[in-house]
Structures are given as C-alpha cells and as structure tokens.
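In: Pasting the sequence and the predicted coordinates here, then a few questions.
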Amino acid sequence: MLKAIALDMDNTLLNSQKEISVTNQDVLRYLSRKGIRVILCSGRPFATLKPFLDQLHLTKNDDVCICFNGGLVRLVRDHTVIKSSTLTKSQIQPVYDLVKEKGFHLDVVAEDQVYSLTEFGKSSYESMIPKQMPFTDTTFAKVPAKLSIFKVVIAGDPEMVDAASEAAQSLEGVTVTRSRRTLLEIMPPNVNKKNGLKAALNFYRIPREQLAAFGDEENDQDMLDYAGIGIAMGNAIPEIKKIADITTQSNDEDGVAKFLIDYFQISPTAIHP
C-alpha cells in the first residue's frame, strides 16, 4: 500500500491555468489527513511553492517539500533543511561563457532571488513563474561573488532551448535537465528529483516501493523510475509515458485525483462526509 505521493507541479498537479483543481485539492487533503505523505516535488523555488502548500494544508510540523528539482529538501513550517546542494559563481562561469558564445539568455536563481542577465537580452523566465520571486536585471559581473546558486536557467522558444540543451552537454560538473519545452535548467552535480525524494523518504522512513510519483517532463523521469509506481500524465512527453508504469488522464482532466481515487477506492462521501 502506498504511504507517500510525490507530485511535480507544472503541467502535472497544476492545470493549464496554473491552479490546483478543486477535485485535486479535495483528494490530496483527504489523503494527507489519513496519514499519506503528500510531497510537492518541483523545480520551483520555495517561495513559489508556498501558496500551493498552504492551499493543500501541507503545513504540519513534519511536512516536507522538494524545491529546485531536488536541490533543496526542507520542512515546510520551520525552514529546517534536510538536504541542500548549490553552485558557486565560479562554478557557473563555464555556463556563462557558453551562453555568451551562443547568444542564449540566462537567469541565475538563488533561494529567494533571481538575477536576470540582461546583457544578452531579457529572457522569458520571469513570465514563467509567479511574482513571489523578486527579479533583478543585472550583468554577470554584478552577481554577488559569494552567492549560493541553486540553478541557472536558459528560457526561450523551444528551438532555442533545443540548441541550448545540445550545447550544454559539453558542460562538466553540473546536471542539465529540461523541465518544459521552453526551459533548460542547469544545477549542481547529482541534483535530481530522485535524490531529493531519497532524502525525504529517509526522513519519513518510508521505502521507495511505497511511493507513487506523478510527472510529465524530462526532469521527472528519474523519480518515476525510482518510485514504486511511476505515473505519467496524459499530457506527458512520449519519453515519460514510455518509462511510466501507468498513464493517467491529463493535468486538465484531474489526472492526479482520478488515479488516487481509483487506487485508494475513495468514495465522494469520504472526501465530503
């Protein structure tokens, strides 16, 4: 029987309006009340996850969330860090050099601040995430020397991100993944959602066989492989559907809730007694 559920956010738990549907909210709140661990596992910073954690009532003393694709695993309520991995400014110098050579856009993401390197033109990253994260337009030279960097991102149209993904394969000492067709993320080595979930499950003392994970994109593949049950959304890319154990309905059809209602045999009266 499942004891934990890991959920990607964008295009998985969130619908196309970037909202958690009422049905998904009701089912996840119900399972959380029953003692099932509900773990939001996203590339997002904590500030942009917090409204959804509040919405799902995932604010108990031992509720855990995973940010930055596994770069930060922390307790929701008291800021206790379970696992953290960051890059230094000098470590992202090769990324900057690559971007400068190829003409891509670049944003540098710290825990609670984004530095948008406008020397190559303003990227579309700011429009992709909610306004809980402040953005500063700057140059690489002005990025603080001692900044702890959770990731750098290349955002743009799919063709540009295709080219960036190919070019980034030459980078060493970093993890490169795509979280959507229009976003490439470059993170510390060994940072991925699988390793973030390992830390969370170790904290809870839950074996991976009792974990279900939902996702739709390249950066979800390792956690779907790792989980006892890996569930692809109906809108997932073909590579994710291929490795998943099950494909549910899309993020606009309450695919998360529909799988969980069926698996746990949840009746409407149980959710709304």
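Out: Alright, I've got the coordinates.

In: Report the helix or strand with the lowest average pLDDT across this structure.
Out: Least confident element among the helices and strands of the chain, by mean pLDDT, DSSP states H and E: helix 268-271 (a mean of 84).

In: contact partners of it?
Out: For helix 268-271, contacts defined as CB atoms under 8 Å, 6 or more residues apart in numbering pick out Asp26, Val27, Tyr30. Backbone N, C-alpha and C define where each C-beta goes, glycine included.

In: Apply 6 Å and report the result again.
Out: With contact meaning CB atoms under 6 Å, 6 or more residues apart in numbering, helix 268-271 is reached by Asp26, Tyr30.

In: May I have it as PDB, with CA atoms only?
Out: What follows is the C-alpha trace of helix 268-271 in PDB, where atoms were taken according to Å, rounded to 0.1, in the frame of the first residue of the first chain:
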ATOM      1  CA  PRO A 268     -17.300  11.000  -2.500                       C
ATOM      2  CA  THR A 269     -18.800  10.800   0.900                       C
ATOM      3  CA  ALA A 270     -15.300  10.100   2.400                       C
ATOM      4  CA  ILE A 271     -13.900  13.300   1.000                       C
END
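
In: For that helix, buried residues please.
Out: The neighbour-count check on helix 268-271 (16 or more other CB atoms under 10 Å) flags Ile271 as buried.

In: How about stretch 207-214?
Out: Gln210, Leu211, Ala212, Ala213, Phe214.

In: if I read this right, the first one contacts Lys3, doesn't it?
Out: In this case it means Gln210. Yes. In this structure Gln210 lies within contact range of Lys3 using CB atoms under 6 Å: 4.2 Å.

In: distance between the ends of stretch 248-267?
Out: End-to-end distance for stretch 248-267: 19 Å, by CA to CA, to the nearest Å.

In: Please identify the buried residues of it?
Out: Buried, per 16+ other CB under 10 Å, within stretch 248-267: 248, 250-251, 253-261, 263-264, 266.

In: Stretch 20-27 too?
Out: So, applying 16+ other CB under 10 Å, buried residues of stretch 20-27: Ile20, Ser21, Asn24, Gln25, Asp26, Val27.
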